[in-house]
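>>> what follows is a predicted protein model with its sequence.
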Amino acid sequence: MDADSLAYLTRSLECLASAESEVTAGRFNNCVNRCYYAMFQAAVAALIAAGVRSDGAKRQWEHGFVQAQFAGILIQRRKLYPTDLVSALPVNLERRVAADYGVPGVSKTVAERALRTARVFVTAVERRLP
(Lines give C-alpha, C1' and ligand atoms only; values in the text may rest on other atoms or scores of the structure.)
Protein backbone atom coordinates (compact mmCIF):
# COMPACT_ATOMS: atom_id res chain seq x y z
CA MET A 1 0.00 0.00 0.00
CA ASP A 2 1.40 3.40 -0.90
CA ALA A 3 1.82 6.19 1.63
CA ASP A 4 -1.21 8.18 0.44
CA SER A 5 -3.57 5.19 0.66
CA LEU A 6 -2.19 4.34 4.08
CA ALA A 7 -2.69 7.90 5.30
CA TYR A 8 -6.34 7.93 4.25
CA LEU A 9 -6.96 4.44 5.62
CA THR A 10 -5.42 5.49 8.95
CA ARG A 11 -7.76 8.50 9.08
CA SER A 12 -10.66 6.23 8.24
CA LEU A 13 -9.87 3.86 11.10
CA GLU A 14 -9.49 6.80 13.49
CA CYS A 15 -12.92 8.10 12.47
CA LEU A 16 -14.46 4.66 12.90
CA ALA A 17 -12.94 4.31 16.38
CA SER A 18 -14.28 7.75 17.24
CA ALA A 19 -17.75 6.78 15.99
CA GLU A 20 -17.66 3.70 18.21
CA SER A 21 -16.86 5.77 21.30
CA GLU A 22 -19.41 8.45 20.40
CA VAL A 23 -22.30 5.99 20.13
CA THR A 24 -21.27 4.41 23.45
CA ALA A 25 -21.30 7.85 25.05
CA GLY A 26 -24.73 8.63 23.62
CA ARG A 27 -23.47 11.31 21.25
CA PHE A 28 -25.45 10.07 18.27
CA ASN A 29 -25.00 13.09 16.00
CA ASN A 30 -21.22 12.96 16.39
CA CYS A 31 -21.28 9.20 15.81
CA VAL A 32 -23.05 9.62 12.46
CA ASN A 33 -20.66 12.39 11.43
CA ARG A 34 -17.64 10.22 12.17
CA CYS A 35 -19.23 7.23 10.40
CA TYR A 36 -19.59 9.15 7.18
CA TYR A 37 -16.04 10.46 7.31
CA ALA A 38 -14.69 7.00 8.12
CA MET A 39 -16.32 5.78 4.93
CA PHE A 40 -15.27 8.80 2.88
CA GLN A 41 -11.61 8.43 3.92
CA ALA A 42 -11.73 4.68 3.21
CA ALA A 43 -13.19 5.34 -0.24
CA VAL A 44 -10.39 7.81 -0.99
CA ALA A 45 -7.81 5.22 0.14
CA ALA A 46 -9.39 2.65 -2.18
CA LEU A 47 -9.47 5.07 -5.11
CA ILE A 48 -5.83 6.02 -4.66
CA ALA A 49 -4.84 2.35 -4.43
CA ALA A 50 -6.74 1.72 -7.68
CA GLY A 51 -4.91 4.55 -9.47
CA VAL A 52 -7.79 7.04 -9.49
CA ARG A 53 -6.76 10.60 -8.78
CA SER A 54 -8.77 13.51 -7.44
CA ASP A 55 -10.57 15.79 -9.82
CA GLY A 56 -9.90 19.47 -10.25
CA ALA A 57 -7.04 21.91 -10.09
CA LYS A 58 -6.87 21.91 -6.28
CA ARG A 59 -6.43 18.12 -6.22
CA GLN A 60 -9.02 17.85 -3.48
CA TRP A 61 -11.38 14.93 -3.02
CA GLU A 62 -14.89 16.26 -3.58
CA HIS A 63 -17.67 14.23 -1.98
CA GLY A 64 -19.71 13.76 -5.15
CA PHE A 65 -16.61 12.76 -7.11
CA VAL A 66 -15.55 10.19 -4.50
CA GLN A 67 -19.04 8.70 -4.32
CA ALA A 68 -19.38 8.48 -8.10
CA GLN A 69 -15.91 7.09 -8.71
CA PHE A 70 -16.11 4.52 -5.93
CA ALA A 71 -19.48 3.24 -7.14
CA GLY A 72 -18.78 3.57 -10.85
CA ILE A 73 -15.19 2.43 -11.14
CA LEU A 74 -14.48 0.23 -8.13
CA ILE A 75 -17.88 -1.46 -7.77
CA GLN A 76 -19.59 -1.44 -11.15
CA ARG A 77 -16.68 -1.48 -13.60
CA ARG A 78 -13.86 -3.30 -11.79
CA LYS A 79 -16.09 -5.27 -9.40
CA LEU A 80 -13.62 -4.89 -6.53
CA TYR A 81 -16.33 -4.33 -3.92
CA PRO A 82 -19.80 -5.80 -3.40
CA THR A 83 -22.72 -4.09 -5.09
CA ASP A 84 -24.49 -3.55 -1.78
CA LEU A 85 -21.92 -0.82 -1.07
CA VAL A 86 -23.08 1.29 -4.05
CA SER A 87 -25.51 3.32 -1.96
CA ALA A 88 -23.61 3.17 1.35
CA LEU A 89 -21.79 6.49 0.99
CA PRO A 90 -24.83 8.50 -0.20
CA VAL A 91 -27.04 6.99 2.52
CA ASN A 92 -24.57 7.83 5.28
CA LEU A 93 -24.08 11.29 3.79
CA GLU A 94 -27.83 11.89 4.17
CA ARG A 95 -27.60 10.69 7.76
CA ARG A 96 -24.61 12.98 8.37
CA VAL A 97 -26.46 15.99 7.00
CA ALA A 98 -29.38 15.21 9.32
CA ALA A 99 -26.97 14.80 12.23
CA ASP A 100 -25.02 17.97 11.49
CA TYR A 101 -27.82 20.31 10.46
CA GLY A 102 -31.18 18.73 11.25
CA VAL A 103 -33.33 19.52 14.20
CA PRO A 104 -33.51 17.57 16.47
CA GLY A 105 -30.65 15.51 14.99
CA VAL A 106 -30.53 11.73 14.76
CA SER A 107 -31.70 8.98 17.04
CA LYS A 108 -29.78 6.14 18.60
CA THR A 109 -31.29 3.79 16.00
CA VAL A 110 -30.06 5.92 13.11
CA ALA A 111 -26.61 6.17 14.69
CA GLU A 112 -26.41 2.41 15.14
CA ARG A 113 -27.43 1.87 11.50
CA ALA A 114 -24.82 4.36 10.34
CA LEU A 115 -22.20 2.60 12.45
CA ARG A 116 -23.08 -0.83 11.03
CA THR A 117 -22.84 0.56 7.50
CA ALA A 118 -19.51 2.22 8.25
CA ARG A 119 -18.04 -0.94 9.78
CA VAL A 120 -18.95 -3.00 6.72
CA PHE A 121 -17.65 -0.38 4.30
CA VAL A 122 -14.35 0.31 6.06
CA THR A 123 -13.70 -3.38 6.65
CA ALA A 124 -14.29 -4.14 2.96
CA VAL A 125 -11.77 -1.49 1.94
CA GLU A 126 -9.25 -2.49 4.59
CA ARG A 127 -9.34 -6.12 3.47
CA ARG A 128 -8.99 -5.23 -0.20
CA LEU A 129 -6.01 -2.89 0.06
CA PRO A 130 -2.61 -4.53 -0.47
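Now that the structure is in, tell me what you want to look at. Numbers count the residues shown, from 1 in each chain.
>>> name the nearest residue to the spatially most central residue of the chain, sequence neighbours excluded.
Nearest to the geometric centre of the chain sits residue 39, at 1.1 Å (C-alpha atoms, centre = their mean). Spatially, and ignoring its direct neighbours in sequence, residue 39 is nearest to residue 121 (4.7 Å; C-beta to C-beta, 6 or more residues apart in numbering). Where C-beta positions appear, they are placed from N, C-alpha and C, glycine not excepted.
>>> which of the helices or strands spans that neighbour?
helix 108-128 (DSSP states H and E).
>>> list the buried ones in stretch 116-130?
Within stretch 116-130, the residues scored as buried using 16 or more other C-beta atoms under 10 Å are 117-119, 121-122, 124-125, 129.
>>> buried set for the lowest-mean-pLDDT helix or strand in the chain?
Ranking every helix and strand in the chain by mean pLDDT, DSSP states H and E puts helix 63-69 at the bottom, with a mean of 95. Within helix 63-69, the residues scored as buried using 16+ other C-beta under 10 Å are 65-67, 69.
>>> pick out the lowest-pLDDT one from the buried residues of stretch 116-130.
Ranked by pLDDT, those bottom out at residue 129 (92).
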